[in-house]
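In: quick one, what's the 3D model for this:
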Amino acid sequence: MNSYRMCNLTRDILKQRKSLTNALLLRCMSNQLQKSSEQQLSNRMQKFKEANKTAAYGTVILVGLGLFGAIGYVLLKELFSSSSVQHLFNDALEKCRENYEVQRALGDPIIGYGERARRSELRGATHVEFEKDGVKHFQMVFYIKGSKATAKARLYMTKSTSDPYYVCRLLMVEPQTYGASAIVVERNA
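Out: Numbering: from 1, shown residues only. Coordinates of the predicted model:
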């Protein structure tokens, strides 16, 4: 009986050992599954974070490109438009340079500039735009200087709603020398 008992005991021990081994295996497998599911969740979170970061950077880049395009459009329109202040100033200055009476009164070469500010800084030409009775009006005052004298130039232009361009109504130069009379460079009634 002793040997039978020993066999039963051995069998019981083996069964317990087997069940413990199975329990340990199950526990290890569940831990691994739990870890792998946590890793998968962590990987998904990382991918989600990266996707959000990429989308945010892309949005910032698109907004920046949009702003850059808008600013570029405004600058190019201001520089190259035929109704921009700079273009109108350049046209008026060119008409003054080509006028014989202005050349004789001021001397060559003739340069144009805006008003002088403090500390001899130059400002842009003073101009006013307004609309009255459906007609746009444009007035500008700037200074021109030659080798003999300086003068104040006054420009008055109008543009009706049907016209795409301003039309010069009066361009007049007033030399700043004693006794000199105003020179009318262009007049259109």
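In: would you map out the domains in this structure?
Out: Domain assignment for the chain by automatic domain parsing gives 1-80, 85-187.
In: switch the ones you listed over to CSV; also include mean pLDDT.
Out: CSV is the format used below for the domains of the chain (pLDDT from 0 to 100):
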stretch, mean pLDDT
domain 1-80, 75
domain 85-187, 84
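In: just name the most buried of these.
Out: Among the domains of the chain, domain 85-187 has the highest mean neighbour count (mean count of other CB atoms under 10 Å), at a mean of 15. From N, CA and C alone the C-beta is placed, and that goes for glycine too.
In: from start to finish, how long is it in a straight line?
Out: End-to-end distance of domain 85-187: 20 Å, with CA to CA, to the nearest Å as the criterion.
In: so what's the gap between that domain and the chain middle?
Out: In this view, domain 85-187 has its centroid 31 Å away from the chain centroid, taken as CA atoms, centre = their mean, to the nearest Å.
In: and stretch 69-79, by the same measure?
Out: Between the centre of stretch 69-79 and the centre of its chain there are 9 Å (CA atoms, centre = their mean).
In: contacts for it?
Out: If you take CB atoms under 8 Å, 6 or more residues apart in numbering as the criterion, stretch 69-79 is touched by 84-86.
In: dump stretch 133-141 to CSV, restricted to CA.
Out: This file holds the C-alpha atoms of stretch 133-141, laid out as CSV (Å, rounded to 0.1, in the frame of the first residue of the first chain):
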residue,chain,number,x,y,z
ASP,A,133,-21.4,113.1,-56.5
GLY,A,134,-20.2,109.7,-57.8
VAL,A,135,-16.8,111.1,-59.0
LYS,A,136,-13.6,110.2,-57.2
HIS,A,137,-11.2,113.1,-56.7
PHE,A,138,-7.5,112.9,-56.0
GLN,A,139,-5.3,115.8,-54.9
MET,A,140,-1.5,115.6,-54.3
VAL,A,141,1.1,118.1,-53.2
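In: what residues does it touch?
Out: 85, 88-89, 92, 115, 125-131, 152-161, 166.
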